[in-house]
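Asks: here are the coordinates; sequence isn't available:
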């Protein structure tokens, strides 16, 4: 007998099985068109100044941690 015949794949609570890896949680997100730069590398969405440079994170009202931003 071979080892794979003796042992089956079993996932315990909190473990990852082969069936969990191939799942897509957001189908519209997976099929969306991704902007690419001149080299074909995917371009991250970010806030830009009128001259095309990235805005400073301290000047934005967005909060990546959730909740209201704290102004000090």
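Replies: Arrived safely, thanks for sending. Source: prediction; values computed, not measured.

Asks: What is the neighbour count of residue 62?
Replies: 8 (other CB atoms under 10 Å). (C-beta placed from N, C-alpha, C; glycine too.)

Asks: For it, which three-state class applies?
Replies: Three-state call for residue 62 (DSSP: H, G, I helix; E, B strand; the rest coil): coil.

Asks: Pull up the gap between it and residue 54, please.
Replies: Per CB to CB, to the nearest Å, residue 62 is found 13 Å from residue 54.

Asks: list residues touching both of the two?
Replies: Shared contacts of residue 62 and residue 54, defined by CB atoms under 8 Å, 6 or more residues apart in numbering, comprise residue 47.

Asks: For residue 44, see how far away the closest residue to residue 47 other than its chain neighbours is.
Replies: The spatially closest residue to residue 47, leaving aside those adjacent along the chain, is residue 55, at 4.3 Å (CB to CB, 6 or more residues apart in numbering). The gap separating residue 55 from residue 44 is 13 Å, by CB to CB.
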